[in-house]
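Peer 1: after the sequence you'll find the predicted model.
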Amino acid sequence: MSFSLEDIRRLPIAERIKLVEDIWDSIAATEGAVPVTEAQRRELERRLEESKRDPQAGKTWEERKARGSR
C-alpha cells in the first residue's frame, strides 16, 4: 500500500494521528531503530540508579503533566 503526502493530508486529523502512532510503534518495535548516544545512555543509567536509591523521590506522569499545564 502506498500513499502520497497529499493523500495523507486529505485524511481526517484523527486518522492522521492514528497513522503517526502506528508508524512510531513500528519504529519503536525495531530494536536499535532509534539510536541513543553515549551521553544519553549514561544519563538514563544515572536516572535509573537514582530511582532505585530513592523510589519515592520521582514524580508520576500525571504530576509532571499537571505541573506543565500551569
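Peer 2: Perfect, I can see it now.
Peer 1: only C-alpha atoms from now on, for both contacts and neighbour counts.
Peer 2: Fine.
Peer 1: quick one: the helices in this structure, in order.
Peer 2: Secondary structure of the chain (DSSP state H): helices located at 5-10, 13-28, 38-53, 61-68.
Peer 1: which of those helices comes out lowest on mean pLDDT?
Peer 2: Lowest mean pLDDT within these: helix 61-68, at a mean of 84.
Peer 1: report the distance from it to the chain centre.
Peer 2: Mean-position distance between helix 61-68 and its chain equals 16 Å (C-alpha atoms, centre = their mean, to the nearest Å).
Peer 1: try stretch 41-58
Peer 2: 19 Å.
Peer 1: list the buried ones in it?
Peer 2: For stretch 41-58, the buried set under the neighbour-count rule, 16 or more other C-alpha atoms under 10 Å, is empty.
Peer 1: care to break this structure down by domain?
Peer 2: 1-34, 36-70 (automatic domain parsing).
Peer 1: distance of the nearest residue to residue 9 once chain neighbours are set aside relative to residue 8?
Peer 2: Spatial nearest neighbour of residue 9, chain neighbours left out: residue 16 (7.8 Å); criterion: C-alpha to C-alpha, 6 or more residues apart in numbering. Using C-alpha to C-alpha, to the nearest Å, residue 16 is found at 7 Å from residue 8.
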